[in-house]
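**Student:** A structural model of the following input is requested.
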Amino acid sequence: MKISENIGLVLSGGGFKGVAHIGAIQALEEAQIIPKYISGTSAGALVGALYAGGYTTEEIKSFFKKTSLLKFNRFTRKKAGFLDSEKFQDDLNVFFPENSFETLQKKLFVTATNLVEGTTKVFSKGPLIKPLLASAAFPGVFTPVMIDQELYADGGILDNFPIDPLEKKCDLIVGIDVTPIKKPKITDFKHSYNVMQRAYYLRAMPNAEVKFKRCDIIIQPKKLINHGLFSNNSLDEVYDIGYQEAKQQIEIFLKNQK
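**Tutor:** Numbering: from 1, shown residues only. The predicted model follows:
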């Protein structure tokens with residue numbers, strides 16, 4: 001069976017669970033389902049940008065393993081967040097020395113939330129790194145990012161599954177969502193980040209799930225409910241969860257095409 005050449009890939013936000021995107025991409029590559037267009041938000045924007053930049057899945061996974069959030073110089077003072085988003089610019093400069101959407105090997109769309117206007121902004125041309133930092137600026141944890149005199153934060157606030165930029169360009173769309181949720185217990189709310197994570201899920205999920213039916217293949221690894229947004233202790237396991245679920249969904253899709 002010939003797979004469409006105009007394949008789109010939607011990558012949700014999800015903190016360190018975004019590593020599951022990398023495993024899923026590996027499975028897509030093995031099945032010769034190669035996206036030409038990518039739309040991502042937050043962690044999905046980072047994975048999508050690295051993939052669009054020509055990096056292998058092993059290189060992308062290595063980026064997530066080596067990029068520590070909690071280095072002392074990342075913390076901020078007198079800014080709206082614990083971690084200064086712009087102090088991660090040097091990490092991204094290594095991977096994107098030309099700092100440009102136009103130099104990527106695939107067409108990339110990155111979404112972020114305009115905090116003042118309350119709207120979603122889609123970035124797809126010009127400087128790359130600041131939109132990536134803005135898209136991944138989880139509210140309350142990372143500081144918002146100023147771009148062209150506008151203040152932006154995490155794209156997942158308003159749209160955690162940014163399929164819209166792809167629909168007119170693609171014949172086949174693969175969606176990967178790494179934020180399945182389970183009903184928590186009262187005792188789960190021990191830290192402020194537990195509350196922030198729950199609030200993020202409650203806002204993001206209804207927004208995203210109505211869009212899943214617009215995909216030809218939807219990959220949502222349910223086993224990720226046992227992993228947190230901010231924990232990077234089991235990245236290899238998260239990667240494998242994404243890989244295995246993607247293989248299963250690809251197999252179902254290809255069987256239905258016969």
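**Student:** going forward, measure contacts and count neighbours with C-alpha atoms only.
**Tutor:** OK.
**Student:** for F109, list each beta-bridge partner.
**Tutor:** S39 (DSSP bridges).
**Student:** list the buried residues for the helix or strand that contains Q244?
**Tutor:** Element membership for Q244, per DSSP states H and E: helix 235-257. By neighbour count on 16 or more other CA atoms under 10 Å, the buried set for helix 235-257 is 235, 238-247, 249-250.
**Student:** how about stretch 212-219?
**Tutor:** Quick answer for stretch 212-219 (16+ other CA under 10 Å): 212, 214-215, 217-219.
**Student:** which residues in the protein form helices?
**Tutor:** Counting by DSSP state H, the chain has helices at residues 19-30, 43-52, 57-66, 89-95, 129-135, 192-212, 235-257.
**Student:** from D90, how far out is A112?
**Tutor:** 20 Å (CA to CA, to the nearest Å).
**Student:** more neighbours: which of those two?
**Tutor:** A112 (32 against 12; other CA atoms under 10 Å).
**Student:** ok, now which ones touch the more buried one?
**Tutor:** 41-42, 120-123, 131, 134-136, 152-156 (CA atoms under 8 Å, 6 or more residues apart in numbering).
**Student:** averaging pLDDT over each of the helices of the chain, which comes out lowest?
**Tutor:** Mean pLDDT is lowest for helix 192-212 out of these, coming in at a mean of 67.
**Student:** got a list of what I250 touches?
**Tutor:** Going by CA under 8 Å, 6+ apart, I250 touches 28, 31, 217.
**Student:** which residue comes closest to the first one once chain neighbours are left out?
**Tutor:** Of all residues not flanking L28 in the chain, I34 sits nearest, at 6.7 Å (CA to CA, 6 or more residues apart in numbering).
**Student:** just checking, that neighbour touches L9?
**Tutor:** No - I34 is beyond contact range of L9, at 9.0 Å (criterion: CA atoms under 8 Å).
**Student:** the more surrounded of those two?
**Tutor:** L9 (26 against 17).
**Student:** ok, the more buried one - contacts?
**Tutor:** So L9 contacts 35-39, 173-176 (CA under 8 Å, 6+ apart).
**Student:** lowest-confidence one in the contacts of A112?
**Tutor:** Among the contacts of A112, G156 carries the lowest pLDDT, at 88.
**Student:** how near is that one to Y55?
**Tutor:** From G156 to Y55 the distance is 24 Å (CA to CA).
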